[in-house]
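K.L.:
when you get a sec, could you give me coordinates for this:
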Amino acid sequence: MNTDATADHSADPAARRGFLQAASSLGLAVLAGPSLAQGGAGRSAPDLILKNGRITTLDRAKPEASAIAIKDGLVLAVGSDAEIVPLADGRTRVVDVERKRVIPGLTDSHTHVIRGGLNYNMELRWDGVRSLHAALEMLKAQARVTPAPQWVRVVGGWNETQFAEKRLPTLKEINDAAPDTPVFVLNLYNQAFLNRAALRAVGYSKDTPQPPGAIIERDARGEPTGLLLAEPNAFVLYNTLAKGPKLSPEDQINSTLHFMREENRLGVTSVGDAGGGFQNYPDDYQIIDKLAKENRLTLRFAYNLFPQKAKAELDDFRRWIAMGKPGDGSDMYKLNGAGEMLAFSAADFEDFLVPRPDMPPAMEPDLEAVVRFLAGNGWPWRMHATYDQTITRALDVFEKVHRDIPIDKLGWFFDHCETVTPANLERIKKLGGGIAVQNRMSMQGESFVRRYGLAAAAETPPVKRMLEMGLPVTLGTDATRVNSYNPWQALYWLVAGRTIGGTVIYPEEKRLDRQTALGLMAADGAWFSRDSGKKGVLKPGAFGDVAVLDRDYFSVPEDQIQDIVSVLTVVGGKVVYGAQRFADLAPELPPASPSWSPVRKFGGYQARQVALGASDRRYQYAALCDCRAGCGLHGHDHLRASSTAVPAFDAQAFWGALGCSCYV
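P.N.:
Sure thing, here's the model as predicted:
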């Protein structure tokens, strides 16, 4: 075990003097009596010390350190090894982190962990998989062990540009991989693929009517093919998913524990949970409530409440306001406010494969009724808004309410804001709002560029402009369906300006430096849960949430940022995840249940394959591509082309053709 507890300093006068001197130099309050290092109520020594690290604190007063002391869940002191290590007593766990980069635990400010936790053990994750062939082999293997009536579910977190083949699976491939077990494969909120067994399971047939705002694709005989399309309404996708079997309550507990552990593995210690479709409150919160009451959470949750029925949103909020208020709960699990859905008529969908939807005339009266009620009761909110046109109309409503009931101190914010304009940023700032951005463009950047052009994509969303204006801004993922829950993909997106497929969508002047990007997923995000100064920063009195990284975020090549994981994660001073030399420090979890869970065999986010040499990679790429061979003149250069600034993401266009169907 890679720990070394120091001796009891009360037994050694010299050591005790060193302790007091170090404490005094750090401005710590200490007890003068002999109980100082003897445990019990008067014990002042830290519970945990991490030493010999390269600590980025995100505290402007002391930005760098080598050691940190945590006591009673809070940071006690930060400084050099010489200052911090003498604070230990015989009960302090002292861990040498071997010069690794240490950061505040990450906050994913927009995700759906509560809903995701109930389903994680049922889902086959393609997040991070870099070959469609490998993804289909995973599906085939899982279908063999999934018992009836359960499904194989691939539910978001991936897109075709991450695959070497640069394409989606076909229905034939899915049916061939799993001829008898129902399969549901969700591609963002754009489309879903159902094999024949799944069509039978959900009862879709020739007689099934077309859902509003969506398409059930049919063959020449009128029978569903298995392809569901959001046009642009995504309700058909998650309505269909909701028809599948659920886990038992016992397995949902296990599933939530494993999903939190997976988040901890990636350095996440806190989340802003944005509710979600088919996430009814309080019924679907019983599992997370139970874990909170039993002190078994390994993430901090600030959750928002999401109404489930159009035209009944206000009824939900009236009921919920009678049940509690924002801030209710604890530092580990608390109610944060309303949203991200406020009114169904005000929700635009971010499917860049189709034209922007216009919100109906009912948007303003529906939204005003909800916002006026929330503001009158002191409730902050978060609101989903992708397009500037939606934001404009929402701000008209917010400004109208503000004239009667001030909202500029509530801490409300928009989610997404991909195409927000400078004029509307000024309006948001004037009303005291913030913006939670997510790396959805890293999954949909190519689609956006095809529809709106590269120039429009350069500030979608305009994160750097938001920061220059002094707006509160935070970064999240919008996992698990729209995007992967890997926070390092979000940081890579802002720093490198690239999609998951490697396409450059942001010019260098629009990208963020690594320190600024990290702040958006740490200290800057604390405003959005009203934890400023306590969360996402390592300074005395702040939460003792820390991630020790497997590689140095500040020095690795940009491309490797998305591969970072934690080797030691601490939440409230307790080790919640450990790997490599730190594996023995973390408490064990029972195996993922049920026994057929994909998590047992495949885990969650899939680490990228170790890179081959340049020549080997070129021929591997040719073998996986549809063209099956390199161009006789240029060789096979898809990989190189897709990693440059040229628009190489369209295989049928001029630049995308390089290497296989070359114009020559």
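
K.L.:
all the strands of the stretch 501-650 of the chain, residue numbers only.
P.N.:
Counting by DSSP state E, counting those that start in this stretch, the stretch 501-650 of the chain has strands at residues 546-549, 566-571, 574-578.

K.L.:
point out the other helices and strands that the shortest one packs with.
P.N.:
So the one you mean is strand 546-549. strand 101-104, strand 566-571 (3 or more CB pairs under 8 Å, 6 or more residues apart in numbering; DSSP states H and E). In short, each C-beta sits where N, CA and C put it, glycine included.

K.L.:
related to what we said a few turns ago, closest to residue 531 out of the strands of the stretch 501-650 of the chain?
P.N.:
Residue 531 lies closest to strand 566-571 among those, at 13.7 Å (CB to CB).

K.L.:
count of residues packed around residue 69?
P.N.:
30 (other CB atoms under 10 Å).

K.L.:
point out the most buried one among the helices and strands packed on strand 546-549.
P.N.:
strand 566-571 (a mean of 27; mean count of other CB atoms under 10 Å).

K.L.:
which other helices and strands does that strand contact?
P.N.:
Counting by 3+ CB pairs under 8 Å, 6+ apart, strand 566-571 packs on strand 48-51, helix 249-265, strand 268-273, strand 546-549, strand 574-578.

K.L.:
kindly reformat the ones you listed as CSV containing distance to residue 232 and mean pLDDT.
P.N.:
Converted to CSV, these look like this (distance: least, CB to CB, whole Å; pLDDT from 0 to 100):
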stretch, distance to residue 232, mean pLDDT
strand 48-51, 48, 98
helix 249-265, 29, 98
strand 268-273, 25, 98
strand 546-549, 37, 98
strand 574-578, 38, 98
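
K.L.:
which of those sits closest to residue 283?
P.N.:
The nearest among the helices and strands packed on strand 566-571, by CB to CB, is helix 249-265 at 11.9 Å.

K.L.:
and the contacts of the closest one?
P.N.:
108, 113, 116-122, 246-247, 271, 286-288, 290-291, 296-299, 485, 565-566, 569, 571, 576-577, 579, 589-590, 592-594, 597, 599, 603-605 (CB atoms under 8 Å, 6 or more residues apart in numbering).

K.L.:
re the thing from before, for residue 151, which of the strands of the stretch 501-650 of the chain is the nearest?
P.N.:
strand 574-578 (29.3 Å).

K.L.:
from the chain's centre, how far out does that closest one sit?
P.N.:
Taking CA atoms, centre = their mean, to the nearest Å, one finds strand 574-578 lying 19 Å from the centre of the chain it belongs to.

K.L.:
CA-only coordinates of that strand, as CSV, when you get a sec.
P.N.:
Taking Å, rounded to 0.1, in the frame of the first residue of the first chain, the C-alpha atoms of strand 574-578 are listed here in CSV:
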residue,chain,number,x,y,z
LYS,A,574,-12.6,10.0,1.7
VAL,A,575,-10.9,7.9,-1.0
VAL,A,576,-13.7,6.9,-3.5
TYR,A,577,-11.5,5.6,-6.3
GLY,A,578,-8.0,4.3,-6.7
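
K.L.:
isn't residue 197 up against residue 182?
P.N.:
Yes. At 4.5 Å, residue 197 counts as touching residue 182 under the criterion of CB atoms under 8 Å.

K.L.:
for the residue lying closest to residue 360 once chain neighbours are set aside, grab the count of nearby residues.
P.N.:
Nearest non-adjacent residue to residue 360, counting by CB to CB, 6 or more residues apart in numbering: residue 345, 5.3 Å away. By other CB under 10 Å, the residues close to residue 345 number 17.

K.L.:
who touches residue 345 in this structure?
P.N.:
310, 359-360, 362-363, 366-367.

K.L.:
switch to 10 Å and redo it
P.N.:
310-311, 313, 359-367 (CB atoms under 10 Å, 6 or more residues apart in numbering).

K.L.:
before we move on, what about residue 440?
P.N.:
110, 188-189, 350, 352, 386, 416, 418, 448, 460-461, 476-478, 482-483, 490, 493.

K.L.:
can we see that at 8 Å?
P.N.:
350, 416, 418, 478, 482-483.

K.L.:
what's the answer for residue 70, then?
P.N.:
By CB under 8 Å, 6+ apart, the residues touching residue 70 are 46-49, 76, 544, 546, 570, 573.

K.L.:
the same query, at a cut-off of 6 Å, please.
P.N.:
By CB atoms under 6 Å, 6 or more residues apart in numbering, the contact set of residue 70 is 46, 48, 544, 573.

K.L.:
wait, doesn't the first one sit right on residue 69?
P.N.:
Yes. Taking contact to mean CB atoms under 6 Å, the distance of 3.8 Å between residue 46 and residue 69 places them in contact.

K.L.:
what do these two both touch?
P.N.:
76, 87.

K.L.:
helices and strands of this protein: which one bottoms out on pLDDT?
P.N.:
helix 614-624 (a mean of 36; mean pLDDT, DSSP states H and E).

K.L.:
what about residue 321, neighbour count?
P.N.:
Residue 321 has 18 nearby residues by other CB under 10 Å.

K.L.:
where do the helices sit along the stretch 301-450 of the chain?
P.N.:
Assigned by DSSP state H, counting those that start in this stretch, the stretch 301-450 of the chain shows helices spanning 313-321, 363-376, 388-404, 422-430, 440-452.

K.L.:
can you tell which of those helices is closest to residue 527?
P.N.:
Comparing the helices of the stretch 301-450 of the chain against residue 527 with CB to CB, the closest turns out to be helix 422-430 (13.3 Å).

K.L.:
need the winner for burial among the helices of the stretch 301-450 of the chain.
P.N.:
helix 440-452 (a mean of 23).

K.L.:
now render the helices of the stretch 301-450 of the chain as CSV, adding mean pLDDT.
P.N.:
Below are the helices of the stretch 301-450 of the chain laid out as CSV (pLDDT from 0 to 100):
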stretch, mean pLDDT
helix 313-321, 97
helix 363-376, 98
helix 388-404, 98
helix 422-430, 98
helix 440-452, 95
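
K.L.:
neighbouring contacts of stretch 363-372?
P.N.:
Applying CB under 6 Å, 6+ apart, the external contacts of stretch 363-372 come out as 313-314, 342-343, 345-346, 393, 397, 401.

K.L.:
farthest pair within those residues?
P.N.:
Spatially, the most separated pair among the contacts of stretch 363-372 is 314 and 393, at 18.4 Å (CB to CB).

K.L.:
nothing else from me, thank you.
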